[in-house]
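Fold the following for me, if possible:
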Amino acid sequence: IDNENNGSNSSAAEEIAKQLREKALNLRREATSAEQSLRSATERKKEIENVQADNWIDSLLGLTPSATVANNVPVASTLALRLQANNLLSPSKLMRICERLHERETAMMVGPEGFLSKDTNVIGGGFVLGDYENNSMERKREETDRISGLLDRVLEAVQIIDEERGQSMNELCPKLRMRITDLRQSRDALIRRKIDNLVNSSSANIDKKEKELDNLVRSSFYGESDDDESKSEERKKKERIMKRLIETPTWLPPFIAPFAATSPAEVSVAHWKMIKSDILADSKFTCTSWDATEVAAIYRGRISTRSIANGNESDEDTVADLFDELLAKVQNHPELSTKLQLFIVDDFEWRPPMDMGMSYGPKEDGPPPVIIALAKEAVPEQESERSMTTKSLAVFSTLTALFTTFAYAVSSFALNSSFFNAVVKENDAASLSLCLPLFFGVLAISALHEVAHIVASRKYGVKLGKPVPLPSLQVGSFGNITPLRSFPSSRTALFDIAITGPGVAMLASLAMIILGLRMTMTAQSFTYFPVVPAAVMKSSFLIGSIASIVFPKVMLASLAQPIPIHPLFLVGLAGLVSSSVNLLPIGRLDGGRASMAAYGRRPASLISLLSLLALAFYSFSGVSGVIIFWGALVVLTQQRLAEMPSRNEVTGINGIRVSIYNALLILSLLTLAPFPGGVS
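Modelled structure (predicted):
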């Protein structure tokens, strides 16, 4: 009986257990179904919200059925106008727009590739995922930057509206920035985890790619070679520079990139962040985005003019005051003062915005200023770094210039019969002493040119390299190549350093020419005077004009007529010609530096190119031996290249300095142009 009871109880228990299992399975199915329904409903709601947010973003981008891709992100003022026109100023809408743009940004960085476009065949409307036709790192980086730029400019637009409306929306922009900052920090943490996993799982492939890049860099210098690890320091330095040049970002201006590439030191990300948190914070420069490499960083944003009490202060004055404030902060910073240096330049990536026929807020008539930071050690080439070949060429050029200067002095006396008979017929070498005043006079005018440069450079604390004389077959010396060994603080400093040398030498030369003509007119004897053809007087329009006023009889002589002239005139002639060719607005010449300081880097580059073309045309015409020889020296010595940047490239020079440069440039052109009836 007990066994039968136990058997029946066991069967009942099994039946109950079976029923409970079935009930649990049914509950599980119901829970799974409810979860799927909830997920589907959430996804549908999310899709609807995304479609709505994407439509709002389309309206900000100005997309239409015929224009489905946003090639250019609108400027902040245009976005501010569109936000108002499309009634998107409510906090909830602005928050949703920013969150949606962040989702796009994140999807580009850690998910399938996508881009800003309008495709009605894809759920979500304005964002295409899985664009494998454009699946490349370059495309990914470009579109990520574009989305990030749009997000940052939306925040800028909200800030513009905040400033326009005063207190009505004062808390909105900080909340949006805080929300986006939190989202980006979470996203960055996720990316770091994924990157760590990728690095740990594929370190072998990464090492292989790095090795291939190293081999490519080495082969570009030394050809195909094996993996010899015993490389010299000089070889490592060249490889490091080549890799940096290859990886130069598009935002780094080409006139700064070489100094960044040759920097012997690298800067940590923590120090780059200090610039934004410690230097740019609480300044008139509102940083909206930044980017960095191991040797350079860029900080984009806008300059606030709210602190200007009246309209008497210009935009350039505001930029100058801002930059001086930032430099003072860096100088007083306990860590950054020995680590970094700042530049303010025009945004190299800026392109003129499309004219929408509307304006709102400040109008962008040109590239906005950006802050560029480099390592403190990124400086121009120093004297100690010059190669032995360069030093040897400098010595050779100096000796050649001394020889051609003495030859110029001797040739000036060649038509003097007394000098010719003494030297040629009587072999009286002592007669050559007559040439020494002229020889030392030409050297003195060249030295005066350099002393003026040195005085101006010391005023602004700019280091100059050792001058290298340039020989001339026509006037003995064309002056000197004087390289800059440190960055000028401003375009005004660059202008003053550049213009003082030729300016002072030109004025002194004009005085010598006038005085030489006067002393020739009053001389009682011409026995010890140089004798030159009258063509020399007519080789320059300026000199011919002065001679026509001071010594009119000499201009009536034929071109081949020998004319005795005081040595001071020929010293002034040599100084005037050398100053004039140096004032031409070409590259690293004094005139090129002054042109860049006066008109800005981009206009000066165009002026330099046109001047080089004119120089080439004038040289090939064979009209002027001076221009032919000078043009060859400009090309061979690389003086046609653009000058290094000033620390403040945005603030120009005042009108008085521009007028001085224009006046000196006109004098130089009149000097190089022939007098009517003469030959240049």
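
Kindly list the main-chain dihedrals of the most centrally placed residue in the chain?
Nearest to the mean C-alpha position of the chain, by C-alpha atoms, centre = their mean, lies residue 253 at 3.5 Å. For residue 253, the backbone dihedrals are phi -60, psi 140 (criterion: degrees, to the nearest 10).

surely it meets residue 349?
No. Counting by C-beta atoms under 8 Å, residue 349 is not a contact partner of residue 253; they are 9.4 Å apart. No exception for glycine: its C-beta is placed from N, CA and C like everyone else's.

For the stretch 151-300 of the chain, which residues score under the pLDDT cut-off?
Applying pLDDT under 70 to the stretch 151-300 of the chain picks out residues 166-171, 190-232.

now the helices for the stretch 1-150 of the chain?
Using DSSP state H, counting those that start in this stretch, the helices of the stretch 1-150 of the chain run over 2-61, 76-85, 91-110, 137-165.

Repeat that for the stretch 151-300 of the chain.
172-201, 203-222, 233-246, 257-261, 269-274.

Now the last one - C-alpha only, PDB.
Provided in PDB are the C-alpha atoms of helix 269-274 (Å, rounded to 0.1, in the frame of the first residue of the first chain):
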ATOM      1  CA  VAL A 269      48.300  66.000 -25.100                       C
ATOM      2  CA  ALA A 270      48.100  67.300 -21.500                       C
ATOM      3  CA  HIS A 271      50.000  70.400 -22.400                       C
ATOM      4  CA  TRP A 272      47.900  71.000 -25.500                       C
ATOM      5  CA  LYS A 273      44.800  70.800 -23.200                       C
ATOM      6  CA  MET A 274      46.400  73.300 -20.800                       C
END
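
How about residue 101: what's its closest non-neighbour residue?
Once flanking residues are discounted, residue 101 sits nearest to residue 151: 4.3 Å by C-beta to C-beta, 6 or more residues apart in numbering.

Please name the nearest non-neighbouring residue to the residue nearest to the centre of the chain.
Residue 253 sits nearest to residue 348 (C-beta to C-beta, 6+ apart), 4.4 Å away.

Okay, residue 447 and residue 347: tell me how far apart.
42 Å (C-beta to C-beta, to the nearest Å).

So the residue nearest to residue 253: helix, strand or coil?
coil (DSSP: H, G, I helix; E, B strand; the rest coil).

What is the neighbour count of it?
Using other C-beta atoms under 10 Å, residue 348 has 17 neighbouring residues.

what sits up against the host helix or strand of residue 547?
Per DSSP states H and E, residue 547 falls inside helix 541-550. Under the criterion C-beta atoms under 8 Å, 6 or more residues apart in numbering, residues 510, 513-514, 517-518, 521, 537-538, 554-555, 573, 576, 667, 670-671, 673-676, 678 lie in contact with helix 541-550.

Of these, which belong to helices?
Among the contacts of helix 541-550, the members found in helices (DSSP state H) are 510, 513-514, 517-518, 521, 573, 576, 667, 670-671.

Could you list the low-pLDDT ranges of the protein?
Using pLDDT under 70, the chain drops low at 1-9, 64-72, 108-144, 166-171, 190-232, 305-315, 353-365, 619-641, 677-680.

From residue 525, how far off is the residue lying closest to residue 255 once chain neighbours are set aside?
Using C-beta to C-beta, 6+ apart and skipping residues adjacent in sequence, the residue nearest residue 255 is residue 645, 5.1 Å away. Here the criterion is C-beta to C-beta. By it, residue 645 lies 57 Å from residue 525.

Could you list the buried residues of the strand or helix carrying residue 419?
Element membership for residue 419, per DSSP H and E: helix 417-420. By neighbour count on 16 or more other C-beta atoms under 10 Å, the buried set for helix 417-420 is residue 419.

helix or strand right after it?
The helix or strand immediately downstream of helix 417-420 is helix 436-460, counting by DSSP H and E.

Can you spell out which helices and strands pack onto that next one?
helix 388-412, strand 476-481, helix 491-522, helix 567-582 (3 or more C-beta pairs under 8 Å, 6 or more residues apart in numbering; DSSP states H and E).

To residue 336, which of these lies closest?
Closest approach to residue 336 among the helices and strands packed on helix 436-460 (C-beta to C-beta): helix 491-522, 22.7 Å.

I'd like to know which elements the following helix or strand past the closest one is packed against.
Using DSSP H and E, the helix or strand that directly follows helix 491-522 along the chain is strand 531-533. Applying 3+ C-beta pairs under 8 Å, 6+ apart, we find strand 531-533 packed against strand 562-564.

Run the chain-centre distance for the strand it packs on.
53 Å (C-alpha atoms, centre = their mean, to the nearest Å).

heads up, I number from 22, so please use that
From this message on, residue numbering opens at 22, which makes the last subject strand 583-585.

what residues does it touch?
Everything outside strand 583-585 that qualifies as a contact, by C-beta under 8 Å, 6+ apart, is 436-437, 541, 544, 547, 550-555, 557-558, 575, 578.

So what are the sheet partners of that strand and their directions?
strand 552-554 (antiparallel) (DSSP bridges).

Give me the residues contacting the strand it pairs with.
Around strand 552-554, the neighbours that count as contacts under C-beta under 8 Å, 6+ apart are 433-437, 580-586, 591.

Could you tell me which residues make contact with residue 122?
78, 168, 171-172, 175.

Tabulate those residues (a markdown table), appending neighbour count and distance to residue 675.
As requested, the contacts of residue 122 are arranged in a markdown table below (neighbours: other C-beta atoms under 10 Å; distance: C-beta to C-beta, whole Å):
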| residue | neighbour count | distance to residue 675 |
| --- | --- | --- |
| 78 | 26 | 46 |
| 168 | 26 | 42 |
| 171 | 22 | 39 |
| 172 | 24 | 40 |
| 175 | 25 | 39 |
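
wait, which of those residues is closest to residue 296?
residue 172 (21.4 Å).

residues in contact with the closest one?
119, 122-123, 126, 201.

same question, residue 631
So residue 631 contacts nothing (C-beta under 8 Å, 6+ apart).

swap in residue 288?
313, 315-316, 318, 360-361, 394, 396.

Of all the helices of the stretch 22-171 of the chain, which one is nearest residue 639?
That would be, of these and by C-beta to C-beta, helix 158-186, which comes in at 44.1 Å.

and the angle from the closest one to helix 23-82?
Put simply, helix 158-186 runs at 70 degrees to helix 23-82, going by axes from the mean of the first three to the mean of the last three C-alpha atoms, to 10 degrees.

Quick check: the gap between residue 464 and residue 489.
Counting by C-beta to C-beta - residue 464 and residue 489 are separated by 14 Å.

what does residue 696 give?
Counting by C-beta to C-beta - residue 696 and residue 489 are separated by 32 Å.

How about residue 460?
For residue 460 relative to residue 489 (C-beta to C-beta), the value is 19 Å.

For residue 632, which non-adjacent residue is spatially closest?
residue 607 (4.9 Å).

Over to the one you found. Which of the three states is it?
Local secondary structure at residue 607 is given as coil here, using three-state DSSP.

okay, now it: neighbour count?
Residue 607, neighbours per other C-beta under 10 Å, totals 28.

Can you give me the distance of it to residue 313?
Counting by C-beta to C-beta - residue 607 and residue 313 are separated by 35 Å.

and if you look at residue 302?
Applying C-beta to C-beta, the value for residue 302 to residue 313 is 17 Å.
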